[in-house]
Each structure stands twice: as structure tokens, then as C-alpha cells.
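make a model of this:
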Amino acid sequence: MTQTQQSGQSGSGADVIASAAGADTGRRRPAWAGQFGMLRAAATTEPGRLRVIGLLLTLLVVAFGAVTAWQITDRSAAADDVVNRSEPLSSRAADIYRYLADADTTAAGGFLAGRQDPPEALARYQQDIDYAAKYIVEAAASSEGSDRARAQIRILNEQLPVYTGWIERARANNRLGYPVGGSYLRLANKKMTTEILPAANRLYGIETARLDSDYSDAKALPWAAWGLGVVALGGLGWAQYRSYRRTNRVFNQGMVAGSLATAVVLLWLVVGHSVARAGLTDSYENGARSLQVLNRARIETLQARANENLTLVARGSGKAYNDNYQREIQDLAGKKADGRTGLLAQALAIADDDKGSKPVTEAMKDAKVWYALNATARKNDDSGDYQDALAQTIGGELKDHTQATKYTALCFDGVDDNLQQAVNHEHGEFQQAANDGRGALGGLAAGAALLAVLGATAALIGIGRRLSEYR
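Residues are numbered from 1 along each chain as shown. Predicted coordinates:
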């Protein structure tokens, strides 16, 4: 054989070996596939199965604790917002409206008293304006993130100085005896009723909607946590039953401890959230909802009083103001102030105890007398007896030189004072129930996380003891 032939045969053999090596390299599986295969093979043995079961149980219990902590933290934050943010903001918005409306009412009443406003009327008006301005500033500081709320606050800040300027012009002209003072007062009232009070009312609606949203978030059922808790507890129970079938040992101490920890978290979650939900519901039904109705009642009371005063300020051309009064007193206390319908009837129906219902009942009585006295004053004014109509509205001397002992200002004060008592009581009811509901969630998030970790650790220890039997 020649050297060339030998070289060719040698080359052919090398090519075959290289091809075989290349083919083997092409068929080689990736590393992860090999590891997966090893795990799958290990899972076919009892130790492997136990390791997989231990891993799944750990993940389930830890996930249950994590989701519970997350959902309860979220609901606790919403409950805190109900108590410390949205309800106070809603109440402050109502106060802004009330102080503005009371300032307008007081200004009209002081104008009726004569050329010089009584000192007490001036002091009350200034106090109303000061409080309203203060609460507007507080609302502005707390309304971050709400463009709608800031828009209403901007209107209040811009228009309130315009209103107070016109009131001062009305007083200045009234002191000089100029009839144009009444025109400035009506102009200021128009500014208040068509721009300022509607903005305050919209602000109140925005803050009340925020309160309702926080209530909804705080009372939302933690379905994810409940579901994971049931699955985790079921998994632990199944693992113990499986162990019993294979070993005839009734209890695995580690898995029993893990099951107890998981059961405690689930029970705590169900009971704690249920108690919190009940407390928050009670705070809404017998607190926040009552406050909303009572605040609206106070607003109607103030507007009715302002229109009653302006009817007299208008001197024979106040039909529109009187029509407003009639509508507002009906909204407040029902037809002819009989108390069967209206906001006072709603407040009485919601009140759940004597301390809440008694002042509302007294307000109904005052509203009924107010309506009757107003009818008498209107009759006198329409017949030209302005002096008696004025005395029957703000107090003073009648045409027979006697002092009016009953006049509508007293009735208005009675309605407003009784409503204030009802508001104070219902606010206390709200605070107590809401704090009780919020307190039921205290410690649950941290406790659930800790117990879940302990439960998962105990379950792993129980699985580990079973594994040690195979070594």
C-alpha cells in the first residue's frame, strides 16, 4: 500500500470520528433540561415527594400571611382615613357652608335692626367670616390631589372678599340712611347664594364622596386572603392525612403546629374584619349618615332665615325671597312645618337613641312655631303694618307699644341650637363606632405575617422529620 493511500484511509477515519462527535454534540440537552429531569426523577421517590410537598406548603402559608398583611394594611389605612381625614374634611366643608350662610343671615338681620347694626350681630358676622376663611385655608391644605376641590376653594377665596366688600358698602349707606344700602345688601346676598354657597356646597359634596369611597375601601371583603387561607389550611390537612396513610402516625407535630398557626390567622382575619366592618357600618348608619342629614337641615334653616330677613329688607318687593323661604321651610320640616316629611323627619328616623332624637323633636316644634309666626308677620307686612312685621321677625316694640314676646328669631335660634346638639351627639356616636371598627384591625397585619412565618417554619420542620427517616 502506498503512503498516499494510507493517508487517505487515515483521513476517512478521522472524518467519521469527527462526524460522530458532531452528531453527539448536536443531540446534547441544555443544562436546565437535565436539572429538570433530575428533579422529576427525584419526585418519583418518597423523599422527593416530601420535598415538593414541603416547598408548596411553605409557599402557600407564606403567601397567605403576605396577602393578609397587605389587604388588612390597605383596609386599616382606609379606616384611618375615614376617622382622621375624610370625615373631618366633610365636616369642615359643611362648617364652611354653615358659617357663610350664617354670616349672610346675620348681615340681613343686623340691617333690619336699624341704621347701626347691633354689636352682637357685628361680632357674630365677623366671627362667621373669620371661621369660614380659616376653614377654607385648611381645606386648601388638605385638598391636594383633588382638582375639583381646589377649583371650588379658588372660587371661595376669590368671591368672599367681594361679598364682604358689598356688605360693608351696605352698612355704610344704611348708617347714612341711604336706601341704596338695601340694594348693596341684596347684591351681596345674590353673590352669596349664586356663587359662594354653591361652591361651598360642591366642596361639601366632593368631600362627602371621598368619605363614602374611604368607607367602601375600609369595608371591602378580603376575598384573596380568605381564599388563600382556606387553600393553605386544606393543603396542610391533606399533607397530614397523607402522612397518616403512609406511617399510621396520627399526628405530625410540625404540621399540626403549622395548621394551628394558619387556622389562628384565618380565624383572626374573619372575626377581626367582620367586627371592623360592623363597627364602620354602625359609624356610617348612626353617625356619618345622620350628620349628613343634620348638616343639610342646618343649611336649610340658615337659608330660610336669610330669605325671611331679606323679604323685609326688600320693603314690599320681596316675593321671591318669601317664596324661597316657603320652599326651604318645607324642605326642612314638611308641608306647613308639620314635621311629617322633610329633613327633620329624616333625621328623627335615623336617630337611634333619645339623645339623638330629643333635640330633633324640639327643633320640629320650633320650626312649626316659626312657620306660624312668619305667616302672621307676612300678613301684617302685606297689609302695610311693617313695624309689627319687623317686631314679629327680629323682636322689638309692636304698634300697641308692647314688646313682642314671640318672634321668629327666637324660633330660628331654637331650631339651630337643637340641631347643633344633635350634630354634637351624632359626631360622638360616629367617633366611637368608627374607632371601635378601626381598632378591631389593630395588630392583625403584623400578627398574620408573624404567624404565617411560624406556621411555614413548623410545617417545614414536620416535613424534615419525615425526611430524616429515609437517611
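
any stretches of the protein with poor pLDDT?
Applying pLDDT under 70 to the chain flags the ranges 1-44, 46, 48, 143-145, 248-251, 466-471.

tell me which other helices or strands the lengthiest helix in it touches.
When the chain is parsed with DSSP state H, its longest helix is helix 46-81. Here helix 46-81 touches helix 31-42, helix 197-219, helix 223-247, helix 253-283, helix 408-439, helix 444-468, going by 3 or more C-beta pairs under 8 Å, 6 or more residues apart in numbering; DSSP states H and E. (Each C-beta comes from the backbone N, C-alpha and C, glycine too.)

Throw those into JSON lines and include distance to residue 152 and mean neighbour count, thanks.
What follows is the helices and strands packed on helix 46-81, written out as JSON lines (distance: least, C-beta to C-beta, whole Å; neighbours: other C-beta atoms under 10 Å):
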{"stretch": "helix 31-42", "distance to residue 152": "61", "mean neighbour count": "10"}
{"stretch": "helix 197-219", "distance to residue 152": "4", "mean neighbour count": "20"}
{"stretch": "helix 223-247", "distance to residue 152": "37", "mean neighbour count": "17"}
{"stretch": "helix 253-283", "distance to residue 152": "26", "mean neighbour count": "20"}
{"stretch": "helix 408-439", "distance to residue 152": "22", "mean neighbour count": "20"}
{"stretch": "helix 444-468", "distance to residue 152": "36", "mean neighbour count": "20"}
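
what sits against the residue nearest in space to the middle of the chain?
By C-alpha atoms, centre = their mean, the mean C-alpha position of the chain lies nearest to residue 211, the distance being 1.9 Å. The neighbourhood of residue 211, defined by C-beta atoms under 8 Å, 6 or more residues apart in numbering, consists of 82, 86-87, 89-90, 288.

top of the residues you listed by number of neighbours, please.
Neighbour counts for those, by other C-beta atoms under 10 Å, peak at residue 82, which reaches 29 neighbours.

how near is the nearest residue to that residue once chain neighbours are set aside to residue 287?
Residue nearest to residue 82 in three dimensions, not counting chain neighbours: residue 214, with 4.8 Å by C-beta to C-beta, 6 or more residues apart in numbering. In this view, residue 214 and residue 287 are 14 Å apart by C-beta to C-beta, to the nearest Å.

cool, and residue 121?
Distance, residue 121 to residue 287, using C-beta to C-beta: 34 Å.

just want to know which of those two has more residues nearby.
Remark: of residue 121 and residue 287, residue 287 carries more neighbours, 25 against 19, as counted by other C-beta under 10 Å.

look up the closest residue to that one, ignoring the ones flanking it.
Excluding its sequence neighbours, the residue lying closest to residue 287 (C-beta to C-beta, 6+ apart) is residue 430, at 2.7 Å.

residue contacts, the one you found?
87, 283, 286-288, 291.

ok, residue 298 next?
Contact analysis of residue 298 by C-beta under 8 Å, 6+ apart lists 94, 98, 416, 419-420, 423.

which members of those are the farthest-apart pair?
Spanning the widest gap among the contacts of residue 298 are 94 and 416, at 13.7 Å by C-beta to C-beta.

quick check: residue 136 touching residue 95?
No: Residue 136 is beyond contact range of residue 95, at 10.2 Å (criterion: C-beta atoms under 8 Å).

common neighbours of these two, please.
With C-beta under 8 Å, 6+ apart, residue 136 and residue 95 have no common neighbours.

show me the contacts for residue 401.
Not one residue lies near residue 401 by C-beta under 8 Å, 6+ apart.

from residue 297, how far out is it?
With C-beta to C-beta as the criterion, residue 401 and residue 297 are 38 Å apart.

who touches stretch 106-118?
For stretch 106-118, the external contacting residues (C-beta under 8 Å, 6+ apart) are 121-122, 124-125, 128, 167, 170-171, 174-177, 181-182, 185, 188-189, 305-306, 309-310, 312-313, 390, 393-394, 409.

out of the contacts of residue 298, which is nearest to residue 77?
Distance to residue 77, by C-beta to C-beta, is smallest for residue 94 among the contacts of residue 298, at 24.3 Å.

spatially nearest residue to the closest one (excluding sequence neighbours)?
Closest residue in space to residue 94, ignoring its immediate chain neighbours: residue 295 at 4.1 Å, by C-beta to C-beta, 6+ apart.

which of the helices or strands spans that neighbour?
Under the criterion of DSSP states H and E, residue 295 resides in helix 289-313.

picking up where we left off before, so which of the helices and strands packed on helix 46-81 gets nearest residue 72?
Among the helices and strands packed on helix 46-81, the nearest to residue 72 by C-beta to C-beta is helix 444-468 (4.4 Å).

who touches residue 180 in this structure?
The contact partners of residue 180, by C-beta under 8 Å, 6+ apart, come to residue 173.

do residue 288 as well
By C-beta under 8 Å, 6+ apart, the contact set of residue 288 is 87, 90, 211, 215, 430.

can you check residue 199 too?
By C-beta under 8 Å, 6+ apart, residue 199 lies in contact with 152, 155-156, 159.

ditto for residue 219
Residue 219 is in contact with 75, 276-277, 280-281, counting by C-beta under 8 Å, 6+ apart.

list the buried ones in the longest helix of the chain?
48, 50-51, 53-54, 57-58, 60-73, 75-76, 78-81 (16 or more other C-beta atoms under 10 Å).

now swap in stretch 353-364 and tell me
Neighbour-count burial for stretch 353-364, counted by 16+ other C-beta under 10 Å, picks out 356-364.

which outside residues touch stretch 320-339?
Residues outside stretch 320-339 that contact it (C-beta under 8 Å, 6+ apart): 297, 300-301, 303-304, 307-308, 310-311, 314, 340-345, 364, 367-368, 370-372, 374, 378, 415.

err, stretch 154-174, not the other one
For stretch 154-174, the surrounding residues in contact (C-beta under 8 Å, 6+ apart) are 96, 100, 107, 110-111, 115, 117, 125, 129, 132-133, 136, 140, 179-185, 187-188, 191-192, 195-196, 199-200, 203.

same thing but at 7 Å, please
Residues outside stretch 154-174 that contact it (C-beta atoms under 7 Å, 6 or more residues apart in numbering) are 107, 111, 115, 117, 129, 133, 136, 180-181, 184-185, 187-188, 191-192, 195-196, 199-200.

related to what we said a few turns ago, tell me the buried residues in the following helix or strand past the helix holding residue 295?
Once the chain leaves helix 289-313, the next helix or strand it forms, by DSSP H and E, is helix 319-333. Judged by neighbour count (16+ other C-beta under 10 Å), helix 319-333 contains these buried residues: 321-322, 324-326, 328-333.

now, which of the residues you listed sits nearest residue 436?
Using C-beta to C-beta, the buried residues of helix 319-333 come closest to residue 436 at residue 332, 32.6 Å.

show the buried residues in the contacts of stretch 106-118.
121, 124-125, 128, 167, 170-171, 174, 181-182, 185, 188-189, 305-306, 309-310, 312-313, 390, 393-394, 409.

before we move on, the earlier item: tell me what angle the longest helix of the chain forms with helix 253-283.
Counting by axes from the mean of the first three to the mean of the last three C-alpha atoms, to 10 degrees, helix 46-81 points 20 degrees away from the direction of helix 253-283.

thanks a lot, see you next time.
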